[in-house]
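J.: Model the following, please.
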Amino acid sequence: RFIALSDNVDTLDRNSTAMDLMPIMNLFNEWHAANTSKKVRSVLAQNAKEGKYIASFAAYGYLKGDDEKHTPVIDEPAAQVVRRIFELRATGITPTQIAKKLNESGCKTRKGCNWTNTQVCYTLKNRTYCGQLEVNLDGQHGIYDGKHPPIIEKGTFDKVQAIMEERAAKHKKYERATNQYAHWLSGLMRCAYCGGSLSHQKGYG
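T.: Next up is the predicted model:
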């Protein structure tokens with residue numbers, strides 16, 4: 001049984017006028033929701049193009065600014081941790097090993113938790129740290145120059161991405177060579193931030 005007080009709908013009374021109009025009302029509501037969603041995505045994309053920070057929270061290493069565009073400002077103690085993560089990865093140390101080093105040194109995440117391989121990987125892929133904003137809306141991937149100060153030099157960021165891409169390629173080649181089974185969600189799940197394909201991992205970096 002479904003009851004909508006504002007629309008005077010009660011599925012128990014099949015002969016009511018409201019029940020006759022319900023299909024039309026549902027169609028209108030779906031159109032309204034889709035139209036609103038489209039407008040919101042358009043505004044978010046425009047904000048990113050203008051360098052306006054649109055995330056709800058600043059990335060680790062930053063604090064959300066008080067200006068109109070909420071421009072992130074560097075949180076130096078946390079920024080030092082971000083720099084260390086990138087420096088370690090640039091030398092070839094894996095995300096799993098980086099997380100272990102951070103935890104052994106007593107370093108905690110913003111929420112006071114231990115670092116994990118996943119959190120390190122997310123940090124390494126976040127373009128916010130090199131002064132850019134990355135937006136994926138309606139299947140269109142956009143990278144824009146932000147107005148916030150970078151924590152990592154662009155060259156260092158690109159070097160780390162190349163290392164991670166090479167590592168991912170080697171792992172895929174190994175899986176094909178050993179005929180490891182493909183996860184049942186393989187090819188279906190994508191990152192909400194960059195739109196890239198997600199792969200099933202078991203603690204390797």
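J.: Please count neighbours and contacts with C-alpha atoms only from this point.
T.: Noted.
J.: what about the strands in this protein?
T.: Taking DSSP state E, the strands of the chain run over residues 3-4, 9-10, 62-63, 73-74, 132-137, 140-145.
J.: Would you tell me which of these gets closest to Leu102?
T.: Closest approach to Leu102 among these is made by strand 62-63 (18.5 Å; CA to CA).
J.: That closest one - contacts with which helices or strands?
T.: If you count contacts as 3 or more CA pairs under 8 Å, 6 or more residues apart in numbering; DSSP states H and E, strand 62-63 packs onto strand 73-74, helix 76-90.
J.: Buried residues, stretch 154-169. List them.
T.: Within stretch 154-169, the residues that qualify as buried are 156-157, 160-161, 163-164, counting by 16 or more other CA atoms under 10 Å.
J.: ignore the last one, stretch 86-94
T.: Applying 16+ other CA under 10 Å to stretch 86-94 flags 86-90, 94 as buried.
J.: In a markdown table: the residues you listed, plus pLDDT and distance to Lys69.
T.: What follows is those, written out as a markdown table (pLDDT from 0 to 100; distance: CA to CA, whole Å):
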| residue | pLDDT | distance to Lys69 |
| --- | --- | --- |
| Phe86 | 97 | 27 |
| Glu87 | 97 | 30 |
| Leu88 | 97 | 32 |
| Arg89 | 96 | 32 |
| Ala90 | 95 | 32 |
| Thr94 | 94 | 35 |
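J.: of these, closest to Lys111?
T.: For Lys111, the nearest member of the buried residues of stretch 86-94 is Phe86. The distance, counting by CA to CA, is 20.4 Å.
J.: show me what contacts the closest one?
T.: Phe86 is in contact with 124, 152, 156-157, 160, counting by CA atoms under 8 Å, 6 or more residues apart in numbering.
J.: can you rerun that using 10 Å?
T.: By CA atoms under 10 Å, 6 or more residues apart in numbering, Phe86 lies in contact with 93, 95, 98, 120, 123-124, 152, 156-157, 159-160.
J.: Please apply the same query to Gly106.
T.: 100, 114-115.
J.: can you pull the pLDDT of it?
T.: Here the pLDDT value assigned to Gly106 is 95.
J.: so for stretch 3-21, what's the average pLDDT?
T.: Stretch 3-21 shows an average pLDDT of 69 in the prediction.
J.: What lies in contact with stretch 151-163?
T.: 61-62, 73-76, 79-80, 82-83, 86-92, 94, 124-132, 164, 166-169.
J.: Do me a favour and average the pLDDT over that stretch.
T.: Summarised as a single mean, pLDDT over stretch 151-163 is 95.
J.: and what of stretch 135-143?
T.: For stretch 135-143, the mean pLDDT works out to 69.
J.: can you count the residues close to Lys100?
T.: 17 (other CA atoms under 10 Å).
J.: can I assume it is in contact with Trp115?
T.: Yes - using CA atoms under 10 Å, Lys100 is in contact with Trp115, at 7.5 Å.
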